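1. my questions concern the predicted model and sequence given below.
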Amino acid sequence: MYAISLGDGVELRQLEPWCAEEFLTHLQRGREFINRFVPFGETATDVDSARAVLQRYADMRAADTGFLHGLWLDGKLMGGVLFLNFDAKNGNAEVGCWLEPAATGRGLITRSMRILIDWAVDVRGIHRVEWIAPSGNTPSLNVARRLGMARDGVRRESYTHQGVRHDLEIWSVLAPEWREVRARAER
């Protein structure tokens, strides 16, 4: 299995079904914070359901339609990044993320997302990478800004979470734009 060092004791690795117990422990530590905007952890409430969530993404990886990666800080799973939708044929992908509170404010999502987008654009030929987040999720939207994405628009009240309708903001970066953003950062 691979591990990509992001520096500062952080590694980006595949998050697979055999990690179910660690994944569940991580979600239990951060469930309330994570679930404010992301229903990601709501269904993983015991080891079997945590394994099922991870298996769903393993199946998506096998089908080349989605990918799940964990972020380990000093050997402890603290969050992750993922391709929620990956359509290589049409050159489109949607990325997402989550963290528990103790891992926020360190740039982990921005650093790891750069690796994912580089791979998607350079290796897989993805042309458009989307970031979709509730308008109230300011930290998530700030990552999209830091990545050089453009705000495409808002789907008003299109997302129901915990009984509340939320606006969803759609941000994106196109492959040529991504290459420009990366070139500027390398100067």
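-> Sure, I can see it.
2. relative to its centroid, which residue of the protein is most remote?
-> Within the chain, Arg187 marks the point farthest from the mean C-alpha position, 26.6 Å out by CA atoms, centre = their mean.
3. distance of that residue from Pro176?
-> Separation of Arg187 from Pro176 (CB to CB, to the nearest Å) stands at 17 Å. Heads up, the C-betas are built off the backbone N, CA and C, glycines and all.
4. ditto for Ala93
-> Distance of Ala93 to Pro176, given as CB to CB: 16 Å.
5. which of these two has more neighbours?
-> Between Ala93 and Pro176, Ala93 has the larger neighbour count (other CB atoms under 10 Å), namely 25 against 10.
6. show me what contacts that one?
-> Ala93 is in contact with 83, 85-87, 120, 126, 128-130, counting by CB atoms under 8 Å, 6 or more residues apart in numbering.
7. and those, which two are the farthest apart?
-> By the measure CB to CB, Phe83 and Arg128 form the most distant pair in the contacts of Ala93, at 12.6 Å.
8. just checking, Gly9 touches Lys76?
-> No - using CB atoms under 8 Å as the test, Gly9 is too far from Lys76 to be in contact (9.6 Å).
9. tell me which of the two has more neighbours.
-> Between Gly9 and Lys76, counted using other CB under 10 Å, the more crowded position is Lys76 (15 against 11).
10. what's the nearest residue to Thr160 if we skip its chain neighbours?
-> What sits nearest to Thr160 in space, not counting adjacent residues and going by CB to CB, 6 or more residues apart in numbering, is His166, at 7.5 Å.
11. now name the helix or strand holding that neighbour.
-> In this assignment (DSSP states H and E), His166 forms part of strand 164-174.
12. show me what that strand is packed against.
-> On a contact count with 3 or more CB pairs under 8 Å, 6 or more residues apart in numbering; DSSP states H and E, strand 164-174 meets strand 128-134, helix 138-146, strand 150-161.
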